[in-house]
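Enquirer: prediction below, plus the sequence it came from.
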Amino acid sequence: MNLSNLFDLTLVERRDEIGLEFQGRIFTFGEIDRRGNRMARLLAGRGLEAGDRLCVYLANSLEMIDLYLACVKLGVIFVPINILYREREVAHILGDAEPKAIVSGGDFPGGATTVWNAAEAAREASALSDERPQADLDGDAPAAIIYTSGTTGASKGAILTHNNFGANAINVITCWKISDADRLLLPLPLFHVHGLGNGLCSWLIAGYRMRLLERFEHQAAPQQFLDFGPTVFFGVPTMYVRLLEVAPAVARQIGASMRLFVSGSAPLPAQVLEEFRELYGHAILERYGMTETLMNIGNPYSGERRAGTVGLPFPGVSVKIAGGELYVRGPNVFPGYWKREEATRAAFVDGYFRTGDLAERSTDGYYTLKGRKSDLIISGGFNIYPREIEEFLLEQPGVAEAAVVGLPDRVRGEVPVAYIVPKGVFDPDALEQACRAKLASFKVPRSFQAVDKLPRTALGKIQKHLLPLSGE
């Protein structure tokens, strides 16, 4: 069984139901299906076949959905590109993926000579037959190549199969009790696995109504909630931080119709979870996934959503900790990196994928992430987990955001340094005193540096390697 078979549970069986709202337009699932069929006809007419790669450089749009469905139906491998990437990053992906074609919404920064315009392609496709194309695909066929965010170097392409996306979406739907009665407000970019795997795929399988936003705009977000009345929202921590700025009366009104807020793609500070619960009356459900694995672990829908933890493994996902590092195995885990046999071999041990994340398991099975293995600071022989210090700093007045990194030190090997985005008065002496009162001496940052903002990926993950390498 491939993704097209799973999507038919909605596209065929619920063809007359309204499935999508985008920029004031409404579409039934039957219309969405026919748009995908026509786009598949266009791609095939332009020479694309199963196994070819199609690079797509688009913001959230109808054409993004059309192209993904067309690729699924044809067996073409969908390669979305982060629209924040510029020429150097895009050129790397083009050179690595070797696409048969590229689709963009406007100016394309990759230096390619032949780029199809998405709007023009959609207009041309609208005149074609909406008869469904036939493709002989099994679940192990590649559905997409998603390039990692490259927080530590050149990004690698993770091959995700039809089975990977299907198993992930079925877990999400089952564990979060998603049904066709739900309404999803989705601001996440579809070029990322969070929006594509959790958002788009679960929507197409479960058959609920979705309002897709081009992007998250915090000023407009409250009205979007009130207008649409969603029951489910998928977001990232930076969105939830912005939603804490909403007036209490409006927050309560939003919370009254909501069933589930989910957070992922970056660690959710415990302080944000508690403040959000107080304001909206809902405990955010934090879960943990990766580009290479989609969803691995999540707090339970029915049960304790424990602040600071990512919860329990999803069904079918095996998890173990070796040397402090989290390893995972399951139907959600990718088969390997595109054209990177050596990197693929290094990423797996005895069938388990090495996540590179440090973690601890409680006696009752909850997992807590301690940070990236590459972020671990070893100072004078002591292990320091930056996230522990960051969580503490976020509890302090005057701190909006915090990142802790290790800098070389002649005596201790490494020492922690904190980068702070202030809110109000920045008082490094007060922060140091607070740390000394509550943390072991070797965990106290050597210095506290104010910055205007922390460098982040499009989904809010902090890029620590881009912080200034200075302890002064």
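Expert: Looks like it came in fine.
Enquirer: could you say what helices and strands the helix or strand where Ala44 lies packs with?
Expert: Assigned by DSSP states H and E, Ala44 belongs to helix 29-45. When contacts are defined as 3 or more Cβ pairs under 8 Å, 6 or more residues apart in numbering; DSSP states H and E, helix 29-45 packs onto helix 3-11, strand 18-22, helix 62-74, helix 118-125. In this view, the C-beta of every residue, glycine as well, is placed from N, C-alpha and C.
Enquirer: where does pLDDT dip in the stretch 351-472 of the chain?
Expert: 469-472 (pLDDT under 70).
Enquirer: can you list the residue ranges for strands in it?
Expert: For the stretch 351-472 of the chain, strands defined by DSSP state E, counting those that start in this stretch occupy the ranges 352-361, 367-372, 377-379, 382-384, 399-409, 413-422, 448-450.
Enquirer: counting neighbours, what do you get for the residue lying closest to Ser129 once chain neighbours are set aside?
Expert: Closest residue to Ser129 apart from its sequence neighbours, by Cβ to Cβ, 6 or more residues apart in numbering: Arg41 at 5.8 Å. Arg41 has 22 neighbouring residues, counting by other Cβ atoms under 10 Å.
Enquirer: make JSON lines from the strands of the stretch 351-472 of the chain and add mean neighbour count to it.
Expert: Listed next are these as JSON lines, based on neighbours: other Cβ atoms under 10 Å:
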{"stretch": "strand 352-361", "mean neighbour count": "19"}
{"stretch": "strand 367-372", "mean neighbour count": "20"}
{"stretch": "strand 377-379", "mean neighbour count": "18"}
{"stretch": "strand 382-384", "mean neighbour count": "17"}
{"stretch": "strand 399-409", "mean neighbour count": "20"}
{"stretch": "strand 413-422", "mean neighbour count": "20"}
{"stretch": "strand 448-450", "mean neighbour count": "17"}
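Enquirer: quick check: nearest residue in space to Phe426, chain neighbours excluded?
Expert: Phe426 sits nearest to Ala450 (Cβ to Cβ, 6+ apart), 4.8 Å away.
Enquirer: OK, contacts around that neighbour?
Expert: For Ala450, the contact set (Cβ atoms under 8 Å, 6 or more residues apart in numbering) comprises 420-422, 426, 428.
Enquirer: how near is it to Ile420?
Expert: 6 Å (Cβ to Cβ, to the nearest Å).
Enquirer: same thing with Lys370?
Expert: Distance from Lys370 to Ile420, counting by Cβ to Cβ: 21 Å.
Enquirer: give the next helix or strand downstream of the helix or strand that contains Leu312.
Expert: Element membership for Leu312 (DSSP H and E) is strand 312-313. Per DSSP H and E, the first helix or strand lying C-terminal to strand 312-313 is strand 318-322.
Enquirer: before we move on, back to that, show me which residues of the helix holding Ala44 are buried.
Expert: Residues of helix 29-45 classed as buried: 29-44 (neighbour count, 16 or more other Cβ atoms under 10 Å).
Enquirer: next one: stretch 239-247
Expert: By 16+ other Cβ under 10 Å, the buried positions in stretch 239-247 come out as 239-241, 243, 246.
Enquirer: gap between Gly324 and Gly289?
Expert: Gly324 sits at a distance of 20 Å from Gly289 (criterion: Cβ to Cβ).
Enquirer: who's more crowded, these two?
Expert: Comparing Gly324 with Gly289 by neighbour count (other Cβ under 10 Å), the higher total belongs to Gly289, at 24 against 14.
Enquirer: next, give phi and psi for the residue located most distally from the centre of the chain.
Expert: The C-alpha centroid of the chain is most remote from Val411, which lies 39.2 Å away (Cα atoms, centre = their mean). Main-chain dihedrals, Val411, degrees, to the nearest 10: phi -90, psi -50.
Enquirer: cool, Leu226 as well?
Expert: Backbone dihedrals for Leu226, given as degrees, to the nearest 10, come out at phi -70, psi -40.
Enquirer: that one reaches Ile254, doesn't it?
Expert: Yes. With contacts counted by Cβ atoms under 8 Å, Leu226 reaches Ile254, the gap being 6.7 Å.
Enquirer: who does the least confident helix or strand in the chain by mean pLDDT pair up with?
Expert: In the chain, no helix or strand scores lower on mean pLDDT, DSSP states H and E than strand 382-384, which sits at a mean of 81. The pairing partners recorded for strand 382-384 under DSSP bridges are strand 377-379 (antiparallel).
Enquirer: who touches the partner strand?
Expert: Strand 377-379 is contacted from outside by 383-386, 404-406, 409, 412-416, 442, using Cβ under 8 Å, 6+ apart.
Enquirer: turn those residues into CSV, including distance to Gly105.
Expert: CSV is the format used below for the contacts of strand 377-379 (distance: Cβ to Cβ, whole Å):
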residue, distance to Gly105
Asn383, 46
Ile384, 44
Tyr385, 41
Pro386, 37
Val404, 38
Val405, 36
Gly406, 41
Asp409, 48
Arg412, 50
Gly413, 48
Glu414, 44
Val415, 46
Pro416, 43
Phe442, 50
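Enquirer: farthest-separated two in those?
Expert: For the contacts of strand 377-379, the farthest-apart pair by Cβ to Cβ is Tyr385 and Asp409; their separation is 17.6 Å.
Enquirer: assign a three-state SS to the spatially most central residue of the chain, would you?
Expert: The C-alpha lying nearest the average C-alpha coordinate of the chain belongs to His194 (Cα atoms, centre = their mean; 3.3 Å). At His194 the chain is in helix, as set by DSSP: H, G, I helix; E, B strand; the rest coil.
Enquirer: for Tyr367, name its beta-bridge partners.
Expert: Beta-bridge partners of Tyr367, counted by DSSP bridges, are Gly311, Arg361.
Enquirer: now Ile321, which residues is it bridged with?
Expert: Beta-bridge partners, per DSSP bridges, of Ile321: Leu326.
Enquirer: flag the least confident of the buried residues of stretch 239-247.
Expert: Comparing pLDDT over these, the lowest score belongs to Val241 (87).
Enquirer: now do the domain split for the chain, please.
Expert: Under automatic domain parsing, the residue ranges defining each domain of the chain are 3-193, 376-466.
Enquirer: looking at these, which is closest to Leu358?
Expert: For those, proximity to Leu358 was assessed by Cβ to Cβ; domain 376-466 is nearest, at 6.3 Å.
Enquirer: dump the residue contacts of the nearest residue to Asp52 once chain neighbours are set aside.
Expert: Once flanking residues are discounted, Asp52 sits nearest to Lys100: 4.0 Å by Cβ to Cβ, 6+ apart. Neighbouring residues of Lys100 by Cβ under 8 Å, 6+ apart: 47-48, 52-54, 76.
Enquirer: swap in Leu466?
Expert: By Cβ under 8 Å, 6+ apart, Leu466 lies in contact with Pro455.
Enquirer: what about dumping the CA coordinates of the strand or helix carrying Leu204 to PDB?
Expert: Assigned by DSSP H and E, Leu204 belongs to helix 201-206. Taking C-alpha atoms only, helix 201-206 is exported to PDB below (Å, rounded to 0.1, in the frame of the first residue of the first chain):
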ATOM      1  CA  CYS A 201      -0.600  13.700   5.500                       C
ATOM      2  CA  SER A 202      -2.700  13.300   8.600                       C
ATOM      3  CA  TRP A 203      -5.200  15.800   7.000                       C
ATOM      4  CA  LEU A 204      -5.500  13.700   3.800                       C
ATOM      5  CA  ILE A 205      -5.900  10.400   5.700                       C
ATOM      6  CA  ALA A 206      -8.200  11.500   8.500                       C
END
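Enquirer: fine, thanks again, bye for now.
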